[in-house]
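In: Can you look at this prediction? I've put the sequence above it.
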Amino acid sequence: MEYVTAAPHPRTEAPGPARAGRRSLALALTSGALGAAVALLATRQQWSRGTASVAGGPFPLTARGSDVTGVPAALAIVGLAALVAVFAVRRGGRFLVAGLLALCGAGTVAAALYGASDSSALDEQAARASGDTSATVQALTHTAWPYAAAVGGALILLAGLLALRYGRLWPAMSGRYERGGALRPRRSAPAVDPDRPEDLWKALDRGEDPTGTGPA
């Protein structure tokens with residue numbers, strides 16, 4: 001009696017590195033784009049408020065994130081550009097761009113946390129409102145938006161770390177392109193059979209010498 005062994009089914013799952021590359025790519029794109037959006041949105045919101053002493057009594061003051069510091073918004077934009085540029089470079093260039101992306105995230109976190117306790121923007125407003133250059137803001141309070149900007153920076157930082165770790169597994173933009181003004185190779189003329197009159201006439205119509213001795 002003969003025993004027939006069934007052939008093993010081919011594995012349909014992708015290799016481990018390929019799966020890790022796809023997952024890290026999706027996570028990096030999501031976290032990087034979301035982090036930049038959160039950081040930019042947070043800088044447009046109110047970060048701090050207080051009062052200034054004027055002749056008529058306490059004068060309310062408020063400051064948005066962009067009034068406190070422009071660093072988080074600037075770094076979020078640079079980080080978003082770096083996230084896109086990761087796919088336009090290869091090897092060492094990709095590593096450098098990924099490092100820039102991570103630095104943008106870390107800088108956004110640091111600037112946002114520093115701005116959470118900064119009062120310089122409201123101090124300037126208090127000096128203008130009171131007419132006293134030495135006046136400072138009173139009853140200073142801060143909102144949660146600086147910490148939201150820090151969370152956005154942390155997401156950008158995560159995207160940069162993923163690019164540093166798994167960027168070599170990610171696809172890159174194709175380098176095959178054709179310049180619009182590039183000269184295309186000239187097609188070689190079809191062979192002329194001297195025994196076929198129709199080939200001779202076609203060669204003469206093209207301005208060619210069917211005998212091969214020179215131009216027609």
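Out: Perfect, thanks for sending it. None of these values were measured; they are calculated from a predicted model.
In: And the pLDDT for Gly32?
Out: Model confidence at Gly32, given as pLDDT, is 95.
In: repeat for the one 4 residues further on
Out: Model confidence at Ala36, given as pLDDT, is 96.
In: Report the buried residues of the helix or strand harbouring it.
Out: Using DSSP states H and E, Ala36 sits within helix 16-43. Of all the residues in helix 16-43, those buried under the rule 16 or more other C-beta atoms under 10 Å are 21, 24-25, 28-29, 31-33, 35-36, 38-43. Placement of C-beta: from N, CA and C, glycine included.
In: check contacts around Leu96.
Out: Val89 (C-beta atoms under 8 Å, 6 or more residues apart in numbering).
In: scratch that, Val109 is what I was asking about
Out: By C-beta under 8 Å, 6+ apart, the neighbours of Val109 are Ala150, Gly153, Ala154, Leu157.
In: Of these, which is the most crowded?
Out: Gly153 (30 neighbours; other C-beta atoms under 10 Å).
In: What distance do you get for that residue to Gly79?
Out: Distance of Gly153 to Gly79, computed by C-beta to C-beta, to the nearest Å: 8 Å.
In: Name the residues contacting each of the two.
Out: Common neighbours of Gly153 and Gly79, using C-beta under 8 Å, 6+ apart, are Gly35, Cys104, Gly105, Thr108.
In: coming back round to it: keep only those of the contacts of Val109 that are in helices.
Out: Residues of the contacts of Val109 located in helices (DSSP state H): Ala150, Gly153, Ala154, Leu157.
In: Surely Arg168 is in contact with Ala98?
Out: No - look at Arg168 against Ala98 with C-beta atoms under 8 Å: they stay out of range, at 9.8 Å.
In: of these two, who's got more company?
Out: Neighbours per residue (other C-beta under 10 Å) separate Arg168 from Ala98, with Ala98 holding more: 27 against 14.
In: Could you list the buried residues of the helix or strand where the more buried one lies?
Out: Counting by DSSP H and E, the element that carries Ala98 is helix 91-115. Buried residues in helix 91-115, counted by 16+ other C-beta under 10 Å: 94-95, 97-98, 100-109, 111-113, 115.
In: Over to stretch 60-70?
Out: Leu61, Ala63, Gly65, Ser66, Asp67, Val68, Thr69.
In: Could you do stretch 140-156 as well?
Out: 140, 142-143, 145-156.
In: Just the closest of those to Val84, please.
Out: Nearest to Val84, judged by C-beta to C-beta, of the buried residues of stretch 140-156 is Ile156 at 12.8 Å.
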